[in-house]
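Undergrad: Structure of the sequence below:
(chains A and B)
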Amino acid sequence: MTVLVFGLYAAVLVAVMAIFDAILFQQPYLTSLQHLVFCRENRMTVYFTLAVGGLWSAVSMYSSKKRAGQV
Amino acid sequence: MKERENITIWQFLILMLNFEIGSAVVVGIGTEAKQDAWIACLAATGLGMLLISLYYKLSQLSDRKHLYGIFGLAFGKWAGLALSFLYTVYFIYIAARVTRDFSELINTAILPYTPMEVIIFTLTFLVAYMVYKGIEVTGRTAEVFSPTVFIFIFAIIMMLWASKGIHFNSFRPVLGDGPMPVLRAVFPGLLTFPFGELVTFSMVLPLVSDVKQIKKYSLIGVGISGMLVTLAVAVQIAALGSETRGRASFPLLGTAKNISIGEFVERVDALIVFVMMLGIIVKSGIFLFCALQGIEHLTSRPYRQFVFPVSMIVGMSAVLVSYNYAEHLQEGVEFVTRYVHVPLQIGIPGLALLVLWIKQRKEGGGRAAASKT
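TA: Numbers count the residues shown, from 1 in each chain, chains lettered A, B, ... in the order given. A predicted model of the protein is given here:
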């Protein structure tokens, strides 16, 4: 659940920022989205976020299940 | 069981002051009004008081519910959940913009060769840890550091005065272009930033322990912070002139660089960085807290589980939000203010107040009719 919520919000945020960029630069939405996520300077930031956020989500999910005695 | 957090009325006031003056005293606000920006700030303070009264009234009508609870009460379950999702995204996005402001200042003023990602993720980890410990810790942090911030602000003004950097002629002509530039600066610019951002305090209001004092202290908080912002803007105009101020990215930083007392006390811009650092930590912390409350409301899970993942999203968004500072400002001034701030800070809360008020009137009318029969 935590991983899902994390992924959902990250995806929505990126989608929203791409909308703002597309309007500001008057360019196609997909170009903004592609530039935002896959351009060389941004790639490391995205990987870092996914790694730290995903890892923390997984750890917190595991520890809450352990507390509830499900593991 | 969900643990209930509480803050004192004094912590509430200090949080509000830091939140309001945080970035507003450092970045150039109300530049459309040129030399009359200080008048625009004063006018916006009055309107800010009206806005905080709106948020207080919402809290009062909903029996001290937070913003997400208010939406459920006013618009029904599903619309309430949809709005809660929208506001959570909004709060994460604004937390990211605030973090980006800070990293730009640090890059400009003290660490020009450090990659922005390092500054942003360091700050994000700090804010995440503070929020993880709870809003009480955020309140206490602000309480401990605030006296230093206020001393620094007044010290900068005094030092500027002592180094003969204040020129009152810069204020003239007062209202030279008529009242329209002032009105254009007030709405939507100054009303939404910094005063409209107080919408976050509708999440903090239910946590204040001293219920009776909330209204009074909210108004005092907006009043004092408005005065401090006006003072900072006036000092910037007096020191730099309206034209240079309009072009500067961080006018207060430029103002502080003018300070030179006996060619000995110089380069006091580190004080400005300290003022902004606390403001940004508090501001970013409160936005993150509000976003996490939204996720807690939507998922019915304790918000602490989401602190680090969501703060990573804040950090990532702060990097991705724009390619450079000029674009960051353009997006903030031209786009976000009109199409994001105005509906989310004024439109939807105003509508919620109207709906709650009508519902209460109907219930009151129904009850009165029932007691007559």
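Undergrad: Get me the contact residues on chain A for chain B.
TA: Within chain A, the positions near chain B by Cβ under 8 Å from any Cβ of the partner chain are A:1-2, A:5-6, A:9-10, A:12-14, A:16-17, A:20, A:23-24, A:36-37, A:42, A:44-46, A:48-49, A:52-54, A:56-57, A:60-61, A:64. (C-beta placed from N, C-alpha, C; glycine too.)
Undergrad: Can you tell me which of the residues you listed end up in helices?
TA: Among those, the members falling in helices (DSSP state H) are A:2, A:5-6, A:9-10, A:12-14, A:16-17, A:20, A:23-24, A:36-37, A:42, A:44-46, A:48-49, A:52-54, A:56-57, A:60-61, A:64.
Undergrad: quick one: the longest helix seen in chain B to chain centroid distance?
TA: The helix that spans the most residues within chain B, counting by DSSP H, is helix B:77-109. Put simply, helix B:77-109 sits 11 Å off its chain's centre (Cα atoms, centre = their mean, to the nearest Å).
Undergrad: what helices or strands is it leaning on?
TA: Packing partners of helix B:77-109 (3 or more Cβ pairs under 8 Å, 6 or more residues apart in numbering or on different chains; DSSP states H and E): helix A:2-25, helix B:9-24, helix B:67-75, helix B:116-133, helix B:251-257, helix B:269-299, helix B:307-320, helix B:325-330.
Undergrad: Which of those helices has the highest mean neighbour count?
TA: Mean neighbour count (mean count of other Cβ atoms under 10 Å in any protein chain shown) peaks for helix B:307-320 among these, with a mean of 27.
Undergrad: what residues does stretch B:261-281 touch?
TA: For stretch B:261-281, the external contacting residues (Cβ atoms under 8 Å, 6 or more residues apart in numbering or on different chains) are B:18-19, B:21-23, B:25-26, B:98-99, B:101-102, B:105-106, B:109-110, B:123, B:126-127, B:130, B:141-142, B:145-146, B:148-149, B:152-153, B:155-156, B:159, B:162-163, B:250, B:252-253, B:256-257, B:259-260.
Undergrad: cutoff 6 Å now
TA: Stretch B:261-281 is contacted from outside by B:18, B:21-23, B:26, B:98, B:102, B:105, B:109, B:127, B:145, B:149, B:152, B:156, B:162-163, B:252-253, B:256-257, B:259-260, using Cβ atoms under 6 Å, 6 or more residues apart in numbering or on different chains.
Undergrad: before we move on, what about stretch B:141-150?
TA: B:11, B:14-15, B:18, B:275, B:278, B:282.
Undergrad: Am I right that B:Val27 falls within a helix?
TA: No - B:Val27 is assigned coil when assessed by DSSP: H, G, I helix; E, B strand; the rest coil, not a helix.
Undergrad: Show me which residues of the stretch 1-150 of chain B are close to chain A?
TA: Proximity of the stretch 1-150 of chain B to chain A, by Cβ under 6 Å from any Cβ of the partner chain, involves residues B:89, B:92, B:117.
Undergrad: Spatially central residue for chain A, please.
TA: A:Ala10 (3.0 Å; Cα atoms, centre = their mean).
Undergrad: Nearest to chain A: which residue in the stretch 101-250 of chain B?
TA: In the stretch 101-250 of chain B, the residue found nearest to chain A is B:Glu117; the distance is 5.9 Å by Cβ to the nearest Cβ.
Undergrad: Distance check, that residue against B:Met277.
TA: Distance of B:Glu117 to B:Met277, computed by Cβ to Cβ, to the nearest Å: 18 Å.
Undergrad: What residues sit buried inside stretch A:63-71?
TA: Within stretch A:63-71, the residues that qualify as buried are A:Ser64, counting by 16 or more other Cβ atoms under 10 Å in any protein chain shown.
Undergrad: so how far is it from its chain's centroid?
TA: 26 Å.
Undergrad: can you check stretch B:240-260 too?
TA: Centroid separation for stretch B:240-260 versus its chain: 22 Å, with Cα atoms, centre = their mean.
Undergrad: Likewise for stretch B:111-122?
TA: When distances are taken as Cα atoms, centre = their mean, stretch B:111-122 is centred 23 Å away from the chain's centroid.
Undergrad: For that stretch, C-alpha coordinates in PDB please.
TA: The C-alpha coordinates for stretch B:111-122 follow below in PDB (Å, rounded to 0.1, in the frame of the first residue of the first chain):
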ATOM      1  CA  LEU B 111      27.600  27.500  -2.300                       C
ATOM      2  CA  PRO B 112      27.900  28.300  -6.100                       C
ATOM      3  CA  TYR B 113      29.800  25.100  -7.000                       C
ATOM      4  CA  THR B 114      27.700  22.700  -5.100                       C
ATOM      5  CA  PRO B 115      25.200  20.800  -7.300                       C
ATOM      6  CA  MET B 116      21.600  21.800  -6.600                       C
ATOM      7  CA  GLU B 117      20.600  18.200  -6.000                       C
ATOM      8  CA  VAL B 118      22.900  18.000  -3.000                       C
ATOM      9  CA  ILE B 119      21.400  21.100  -1.400                       C
ATOM     10  CA  ILE B 120      17.900  20.100  -2.100                       C
ATOM     11  CA  PHE B 121      18.100  16.500  -0.800                       C
ATOM     12  CA  THR B 122      20.100  17.600   2.400                       C
END
